[in-house]
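Q: sequence first, then the predicted structure, then my questions.
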Amino acid sequence: MKVLLYAPLLPAVFLALIALNWIFNPEAAASSLGLIISDPVEKNTLIRDFTAFFLGTSIFCFLGFITKRPEWYFASAIIFLIAFLFNVLASTFHDASFVLETFIIELILALACFFSGKYTNRVSER
């Protein structure tokens, strides 16, 4: 099915849009995560780290799609699994809020990237 060939682009585009929001409208991007930017150092850190996170994972997904190499999808999946894990650990050991919505999105993105890599691997073996 041709539609499945383009399914791996969904996380790539989704992540790129989030990164662009951090680049061009960081206050809105921060607000969408429940964050309030209160000083310039904090603003720099949030913009830099979140842009790197979302743009990097988006680029990995695009590279996986273009090169048909599953390793790029797996790299994104690993990053989201680490974020997923530390979402739980932060709330368990550091008295941080547990945000179920973020937890679910991280899991969905990790699985989407993993299955994109697994599907790409099967297609490239044919």
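A: Looks like it came in fine. Residues are numbered from 1 along each chain as shown.
Q: over to Asp39: give its phi and psi.
A: Main-chain dihedrals, Asp39, degrees, to the nearest 10: phi -150, psi 160.
Q: and it, how far from Ile78?
A: Per Cβ to Cβ, to the nearest Å, Asp39 is found 32 Å from Ile78. Backbone N, C-alpha and C define where each C-beta goes, glycine included.
Q: name the residue in the two with the higher neighbour count.
A: For Asp39 versus Ile78, the count of surrounding residues by other Cβ atoms under 10 Å is larger for Ile78: 15 against 8.
Q: so after the host helix or strand of that one, what's the next helix or strand?
A: Using DSSP states H and E, Ile78 falls within helix 70-93. The helix or strand immediately downstream of helix 70-93 is helix 100-125, counting by DSSP H and E.
Q: average pLDDT across that following helix?
A: Computed over helix 100-125, the mean pLDDT rounds to 84.
Q: now do it: which elements does it pack against?
A: Helices and strands touching helix 100-125, by 3 or more Cβ pairs under 8 Å, 6 or more residues apart in numbering; DSSP states H and E, are helix 9-24, helix 40-67, helix 70-93.
Q: what angle separates the second one from helix 70-93?
A: In this case it means helix 40-67. 150 degrees (axes from the mean of the first three to the mean of the last three Cα atoms, to 10 degrees).
Q: tell me how far the closest residue to Ile79 other than its chain neighbours lies from Trp72.
A: Of all residues not flanking Ile79 in the chain, Thr57 sits nearest, at 5.5 Å (Cβ to Cβ, 6 or more residues apart in numbering). Going from Thr57 to Trp72 by Cβ to Cβ gives 10 Å.
Q: nice, that's everything, thank you.
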